[in-house]
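**Q** Would you be able to build a 3D model of this:
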Amino acid sequence: MDEDLRERLRTAAAAHRPDRARMLARIERGMAEEPPSRPARGPRTPMPWLRVAGATAAVCGVLAAGAFAVTAAGREDPSGGQRVAAGPASPSSSSPTAGTQPSPGRGGALPAVNGPLRSEGSLNPNSNSYWAQSEVTVTTDRPLTSLTVELRIALNGGVNATGSWRSLPERDFVVSAREKDGFLVYRWTLKPRRSVPTGTHTFAGQYNHASGARDAGRDDYTAHAGVGGEQTSVGGVFTERR
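**A** Here you go, the predicted model:
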């Protein structure tokens with residue numbers, strides 16, 4: 001083959017533009033054809049090459065689309081975080097995140113603050129029509145050398161003591177529960193030569209009461225603490241915590 005012929009063949013090949021639409025139409029027609037009926041005996045009739053080519057093209061298209069979707073979903077944005085496609089918001093997506101303060105009931109949250117000491121009183125959400133738990137949280141940003149927490153529950157609605165607890169070690173406190181001046185009084189007193197570390201600490205008093213809602217409007221608490229040779233105190237009432 002001379003050089004002139006080769007050059008013309010290369011030019012023709014480079015100028016050729018296949019009719020893609022016509023090719024796809026032929027493939028679709030081939031896939032839509034019903035296979036010829038097989039004889040009662042003998043080898044199976046082979047599938048036409050166009051049908052094989054069409055099936056292969058369809059599979060390749062699905063795989064290519066899947067690969068594109070995976071690549072797009074894992075692409076990182078300029079800030080270094082991974083970009084993820086967001087789905088429709090679920091009803092739970094509006095719920096408070098971890099660490100968000102719960103919505104208080106009657107009167108709103110009433111934290112008391114005095115120097116390094118902060119406190120809050122709340123009614124445990126597991127309280128019911130016959131039993132309740134009132135809780136005091138005491139937060140300090142410095143170690144305490146002394147601490148006395150007193151929780152008072154008005155003796156209305158058939159109140160009677162059922163127990164108490166605190167998040168700090170039991171061996172560090174003297175605990176008492178008694179009725180005085182129309183109140184059930186729970187008291188926790190830090191023993192000598194003991195200390196309370198920085199952080200948030202809980203003190204809880206439990207009690208039964210008559211069936212139904214109980215009026216806790218007269219219930220209150222106080223906390224007296226020693227911090228670095230100085231005395232400080234906080235106090236307040238209880239809100240319903242949900």
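**Q** tally of neighbours for residue 114?
**A** Residue 114 has 13 neighbours, counted by other Cβ atoms under 10 Å. Placement of C-beta: from N, CA and C, glycine included.
**Q** again but with residue 193, I slipped
**A** Residues near residue 193, counting by other Cβ under 10 Å: 7.
**Q** quick one: it from residue 225, how far?
**A** 16 Å (Cβ to Cβ, to the nearest Å).
**Q** Ok, residue 114 next?
**A** Residue 114 is 9 Å from residue 225, by Cβ to Cβ.
**Q** Same check on residue 9?
**A** 98 Å.
**Q** Between the two, tell me which one has more neighbours.
**A** The neighbour count for residue 9 versus residue 225, taken as other Cβ under 10 Å, is higher for residue 225 (25 against 11).
**Q** Would you check that the more buried one makes contact with residue 141?
**A** No: at 11.8 Å, residue 225 does not count as touching residue 141 under the criterion of Cβ atoms under 8 Å.
**Q** Can you name the element that comes right after the worst-scoring helix or strand of the chain on mean pLDDT?
**A** Between all helices and strands in the chain, the lowest mean by mean pLDDT, DSSP states H and E belongs to helix 49-73, at a mean of 40. As assigned by DSSP states H and E, the chain's next helix or strand after helix 49-73 is strand 112-114.
**Q** Partner strands of that following strand and their direction?
**A** strand 117-123 (antiparallel) (DSSP bridges).
**Q** ok, and what's touching the partner strand?
**A** For strand 117-123, the external contacting residues (Cβ atoms under 8 Å, 6 or more residues apart in numbering) are 104-105, 109-112, 132-140, 151, 216, 219-221, 223, 225, 227, 232-241.
**Q** Restricting to C-alpha, output that strand in PDB.
**A** C-alpha atoms of strand 117-123 as PDB (Å, rounded to 0.1, in the frame of the first residue of the first chain):
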ATOM      1  CA  LEU A 117     -21.400  28.900  93.600                       C
ATOM      2  CA  ARG A 118     -24.400  28.200  91.400                       C
ATOM      3  CA  SER A 119     -27.500  26.200  92.100                       C
ATOM      4  CA  GLU A 120     -30.900  25.200  90.700                       C
ATOM      5  CA  GLY A 121     -33.900  23.300  92.100                       C
ATOM      6  CA  SER A 122     -36.100  21.000  89.900                       C
ATOM      7  CA  LEU A 123     -38.800  18.300  90.100                       C
END
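**Q** Nice, that's everything, thank you.
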